[in-house]
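Engineer: Sequence plus predicted model, see below.
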Amino acid sequence: MPVSRLKNVPSIGVDQMGDAADAANDPQILRLENMDTDLAPPPEALEATRAAVGRDDCNSYLPFTGQVELRQAAAAHVSRLSDVRYDWRSQCVITAGGLSGILNCLLALLEPGDEIVMHDPIYAGLVNRVRLAGGVPKFIPLEPTAQGWTMNRGALDSTTLSRARVVLIVNPSFPTGAVLTRADWQSIADFCRNKDAWLLYDAALERILFDGHPYFHPASLPGMAERTISVGCVTKEYRMIGWRVGWVVGPPEIIKDIALVGLSNVCCPVGIAMPGAAAALHLADGGVVAAVAEWQRRRDVLLKELQDLPAIRPGGGWCLLVNTKKLGLDSQAAAQLLLTRGKVAATPMTHWGSIRASDYLRFVYANEPVDRLRGLRERVRQAWSL
């Protein structure tokens, strides 16, 4: 029997689908279940990482808060995007990936029973981290429309959460790909100010925006720099998944606490990974624009392949959701049929938010080229008899 802190921490589903696809060992299987990408990291990052393997200063615990060059680069990166000036010495700490940074923040911010406002559907790994930190997830729905997902601002405005301590937002939202408007952000900011709550901004996908959606950083809103904590990483935009390097940037008083949690948790970032991350952040673009254009092409192919099915258009990010309930299919059963009959690995959204999330099946389009994605509709037909 699990300990109490694991009572409400289920599997995220990706691990099970990934293991099943690996076990099949079939190259014909479309790998649409996991947040990987086949697009290469910046060459400069690869070169810096190879050189770091032989550096003595990269074979060290120190500095516990991350190498100076990377802290400087990360603080400058967030400063450029937000138009808020951050001091790398007191307002930036490096973490072993973005999700490690999120957990460190939650452990530094929450008392047991504090409420965390999150979108719905939302990544199960974020929900699990909230619960591990003693928090209580409170879900604000994202609504599917013909144009894509929209935030239900009324649900946020009308909430009377008495213990709302943190609003945790991913933008573009994960897994829906919803892109928040300035009005959405203003509504979130008003809520944070009224509740004296922190905004924990998961920025892992923040520039992966399609269809001309403009970039916006919430710390730029009046009164939000002092209550916004930005957590970023090189994982998605720079295609550096295996480096496990992230950063937390925010007000100095809370960064000090987050650094203490990090020292007590993972202890320190990976030494040989940090120079590569710094090299990526020093680049003017790092291949981000070209990568986003390619991911949008892949999204467009999926939308065309699934145009007669209840697929909701993502405005950014790496994945697209299909409402299998509208097809009379349980999402877990639909995923199993798709793998065994259609040779497509996709993840059911069970536990990815409220119960409504389980209506959906997730397709990740970042790891398969366009020529492999074409023909997906026929695979779906074979699997689901549609």
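Structural biologist: The structure has been received and is ready for your questions.
Engineer: Nearest residue to T150 in space, please, no chain neighbours.
Structural biologist: E143 (5.3 Å; Cβ to Cβ, 6 or more residues apart in numbering). For glycine as for every other residue, the C-beta is placed from the backbone atoms N, C-alpha and C.
Engineer: C-terminal to the host helix or strand of that neighbour, what's the next element?
Structural biologist: Taking DSSP states H and E as the definition, E143 sits inside strand 136-145. Downstream of strand 136-145, the next assigned helix or strand under DSSP H and E is strand 148-151.
Engineer: Can you give the distance of that following strand from its chain's centre?
Structural biologist: On the basis of Cα atoms, centre = their mean, to the nearest Å, strand 148-151 sits 17 Å off its chain's mean C-alpha point.
Engineer: how about I169, secondary structure?
Structural biologist: Classification of I169 by DSSP: H, G, I helix; E, B strand; the rest coil places it in strand.
Engineer: gap between the closest residue to it other than its chain neighbours and S173?
Structural biologist: Distance criterion Cβ to Cβ, 6+ apart; nearest residue to I169, sequence neighbours excluded, is Y201 at 5.8 Å. Distance of Y201 to S173, computed by Cβ to Cβ, to the nearest Å: 12 Å.
Engineer: if we can go back for a sec, assumed the residue nearest to I169 was part of a strand.
Structural biologist: Yes: per three-state DSSP, Y201 lies within a strand segment.
Engineer: On the pLDDT front, check the residue nearest to T150 for me.
Structural biologist: pLDDT, the model's per-residue confidence, is 97 for E143.
Engineer: again, but for T159
Structural biologist: Reported pLDDT for T159: 63.
Engineer: now do L386
Structural biologist: L386 is given a pLDDT of 83.
Engineer: In this structure it contacts L309, no?
Structural biologist: Yes: contact criterion Cβ atoms under 8 Å: L386 and L309 qualify, at 7.5 Å.
Engineer: shared neighbours of these two, which are they?
Structural biologist: Both L386 and L309 are contacted by L327, V380, under the criterion Cβ atoms under 8 Å, 6 or more residues apart in numbering.
Engineer: For these two, work out which one has more neighbours and name it.
Structural biologist: With neighbours defined as other Cβ atoms under 10 Å, L386 and L309 compare such that L309 has more, 15 against 12.
Engineer: where do the helices sit along the stretch 151-300 of the chain?
Structural biologist: Applying DSSP state H, counting those that start in this stretch to the stretch 151-300 of the chain gives helices spanning 153-158, 182-195, 252-264, 274-282, 288-305.
Engineer: Please enumerate residues in contact with stretch 148-165?
Structural biologist: For stretch 148-165, contacts defined as Cβ under 8 Å, 6+ apart pick out 109-111, 113-117, 119, 135-136, 138, 140-143, 173, 176-181, 183-184, 187-188, 191, 195, 197-198, 312-315.
Engineer: Where does D22 fall, secondary structure wise?
Structural biologist: Assigned by DSSP H and E, D22 falls in helix 14-24.
Engineer: Excluding its own residues, what touches that helix? List them.
Structural biologist: Identification of contacts with helix 14-24 by Cβ under 8 Å, 6+ apart yields I29, R31, E33, N34, M35, A335, L339, A345, A346, T347.
Engineer: can you rerun that using 7 Å?
Structural biologist: I29, R31, E33, N34, A335, L339, A345, T347 (Cβ atoms under 7 Å, 6 or more residues apart in numbering).
Engineer: so how many other residues sit close to Y61?
Structural biologist: Residues near Y61, counting by other Cβ under 10 Å: 10.
Engineer: Quick check on the closest residue to it other than its chain neighbours: phi, psi?
Structural biologist: Nearest non-adjacent residue to Y61, counting by Cβ to Cβ, 6+ apart: C268, 5.0 Å away. The phi and psi torsions at C268 (degrees, to the nearest 10) take the values phi -160, psi 160.
Engineer: per-residue pLDDT, C268?
Structural biologist: On pLDDT, C268 comes in at 93.
Engineer: go on, P2?
Structural biologist: 82.
Engineer: Point me to the helix or strand that includes it.
Structural biologist: Of the helices and strands defined by DSSP H and E, none includes P2.
Engineer: what's the neighbour count on it?
Structural biologist: Neighbours of P2 under the rule other Cβ under 10 Å: 8.
Engineer: same deal with the one 4 residues further on?
Structural biologist: Applying other Cβ under 10 Å, we find 12 residues neighbouring L6.
Engineer: Give the buried residues for stretch 240-251.
Structural biologist: M240, I241, W243, R244, V245, G246, W247, V248, V249, G250, P251 (16 or more other Cβ atoms under 10 Å).
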